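S.K.: What would the 3D arrangement of this be:
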Amino acid sequence: MNTKIKLPHTDFEISRMIFGCWAIVGGFNWGHQEERDSLDAIKEAYDLGITCFDTAEAYGNGASENLLAKALKGERNNIIIASKVGPQDFAPDNVINACERGLKNLQTDYIDLYQLHWPNPEIPLEDTLEALDKLKQSGKIRAYGVSNFGSESLEACKSLGFSVSSNQMAYNLLFRAIEYSILPKCVEENIPILCYSPIMQGLLTGKFTTPESVPDDRARTRHFTKDRSQSRHQEDGCEDLTFKTIAEIEEVALDLNISMGSLSLAWLLSQEGVGGVIAGGRNPAQVRKNMEVLTVNLSQQVIDKLNEVTQPLKVVLGDNADLWQTKSRVV
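M.R.: Model (predicted):
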């Protein structure tokens, strides 16, 4: 398995296993988090060969970027930092200001990959992309990518003449919506997918055995009923099918004598068009567990079996690549 890839329109490589820096700030649906554990998790990831770290100002209002700077001080030339600007800051001046805040939080002179976090139809995409290009020309960023951009937005980037280096999307065995049109588009245009939620917030580790065992703050996705307290969609969900599918995935993992988490990550890394997988870790042990995937090589027979057992759920959830909302923000 290749452990690194060169991103298009860049002169640098990223590790295919990417450390996701959201959970390390705690709060939201992550719960209390000790700073020492967060710093140790980042260092463990680096020691085990992860060189790409994905963060955003939105993660703890800069706290995630601060932790990354603190943990890897002195290693800046050896790591790739991917950060994001939120759609509320897509006006050109705001893009520039957000980047400056990020540079300050990260204690660095440049961000390697700066990503547009979600589409914002209210602001002309060309204006936002021109601001990113300006940041690139000035050396504040080395490349830019997007996140949660659908085929329409990707086509707009192309028609406007801008070179996007990656598209960060929700993608896992329980959520294959991007396979309908977005993933083929990205393969065609050579835009690698960076997968977030690769183990579906713990569902693909076997941590939860019934829909009822999943706390409401993790049951916000369209897999679960709209009656959950933090739901933002208007759907009945597909809870029985989701957990039937999890059980079938677990059977495959048991037959191979590997963890369901490793199986799920290995399946993603085997998909055409997938550049990297963003997996967090709240302590060193979780990081080590995630990195076990690098020892897994799946046969085509196993990949086909996983595709087969997850196909019914893929059909029910359809091509809406927004995990959380019926009216998709992925355009």
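
S.K.: Could you use CA atoms for every contact and neighbour count after this?
M.R.: Fine.

S.K.: residues contacting residue 50?
M.R.: 15, 17, 18, 19 (Cα atoms under 8 Å, 6 or more residues apart in numbering).

S.K.: please redo it, this time with the cut-off set to 6 Å
M.R.: Taking Cα atoms under 6 Å, 6 or more residues apart in numbering, we find residue 50 in contact with residue 15.

S.K.: That one: helix or strand, and which one exactly?
M.R.: Assigned by DSSP states H and E, residue 50 belongs to no helix or strand.

S.K.: gap between it and residue 316?
M.R.: Distance of residue 50 to residue 316, computed by Cα to Cα, to the nearest Å: 35 Å.

S.K.: how about the helices in the protein?
M.R.: 35-47, 63-71, 92-106, 125-137, 151-159, 182-189, 239-256, 260-269, 284-291, 300-317 (DSSP state H).

S.K.: Would you mind finding the most buried of those helices?
M.R.: Most buried of the helices of the chain by mean neighbour count (mean count of other Cα atoms under 10 Å) is helix 260-269; its value is a mean of 24.

S.K.: Counting neighbours, what do you get for residue 141?
M.R.: Using other Cα atoms under 10 Å, residue 141 has 23 other residues around it.

S.K.: Show me the beta-bridge partners of it.
M.R.: When bridges are called by DSSP bridges, residue 141 pairs up with residue 111.

S.K.: ok, now residue 167?
M.R.: Going by DSSP bridges, residue 167 forms beta bridges with residue 146, residue 193.

S.K.: So what's the residue count around it?
M.R.: Residue 167, neighbours per other Cα under 10 Å, totals 26.

S.K.: looking at it, it is touching residue 195, isn't it?
M.R.: No: in this structure residue 167 lies outside contact range of residue 195 using Cα atoms under 6 Å: 8.5 Å.

S.K.: which regions of this structure sit below the pLDDT cut-off?
M.R.: 26-33 (pLDDT under 70).

S.K.: and the residue most central in space within it, what does it touch?
M.R.: Using Cα atoms, centre = their mean, the residue of the chain that lies closest to the mean C-alpha position is residue 196, 2.1 Å off. Residue 196 is in contact with 169, 170, 278, counting by Cα under 6 Å, 6+ apart.

S.K.: let's see 8 Å
M.R.: Contacts of residue 196 (Cα under 8 Å, 6+ apart): 168, 169, 170, 171, 277, 278, 279.

S.K.: Relative to residue 271, how far out is the nearest residue to the fourth one once chain neighbours are set aside?
M.R.: What sits nearest to residue 171 in space, not counting adjacent residues and going by Cα to Cα, 6 or more residues apart in numbering, is residue 195, at 5.4 Å. Counting by Cα to Cα, the gap from residue 195 to residue 271 is 11 Å.

S.K.: So for the two, which residue has more residues nearby?
M.R.: Using other Cα under 10 Å as the criterion, residue 195 and residue 271 rank with residue 195 on top: 25 against 12.

S.K.: quick one: contacts for that one?
M.R.: 168, 169, 170, 171, 172, 274, 276, 277, 278.

S.K.: Hmm, residue 147 and the second one touching each other?
M.R.: Just to be clear, that refers to residue 169. Yes: the pair residue 169 / residue 147 is scored as a contact, 6.0 Å apart, by Cα atoms under 8 Å.

S.K.: Look at these two and report which has more neighbours.
M.R.: residue 169 (27 against 23).

S.K.: Which one of the helices of the chain lies nearest to residue 209?
M.R.: Closest approach to residue 209 among the helices of the chain (Cα to Cα): helix 239-256, 7.3 Å.

S.K.: how much space between residue 3 and residue 87?
M.R.: 31 Å.

S.K.: Could you check which of the two is surrounded by more residues?
M.R.: Set residue 3 next to residue 87 and count neighbours by other Cα under 10 Å: residue 87 wins out with 18 against 15.

S.K.: From what I see, that one and residue 119 are in contact.
M.R.: Yes: contact criterion Cα under 8 Å: residue 87 and residue 119 qualify, at 6.5 Å.

S.K.: Okay, buried residues for stretch 71-90 please.
M.R.: 71-72, 79-87, 89-90 (16 or more other Cα atoms under 10 Å).

S.K.: Between the two ends of stretch 287-305, how far is it?
M.R.: Stretch 287-305: ends 27 Å apart by Cα to Cα.

S.K.: correct me, but residue 65 touches residue 58?
M.R.: No: using Cα under 8 Å, residue 65 makes no contact with residue 58, being 9.4 Å away.

S.K.: okay if I get the contacts of residue 196 as CSV plus distance to residue 210?
M.R.: As requested, the contacts of residue 196 are exported to CSV (distance: Cα to Cα, whole Å):
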residue, distance to residue 210
168, 29
169, 26
170, 22
171, 22
277, 26
278, 25
279, 23
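
S.K.: Just the buried residues of these.
M.R.: Here, 16+ other Cα under 10 Å leaves 168, 169, 170, 171, 277, 278, 279 buried among the contacts of residue 196.
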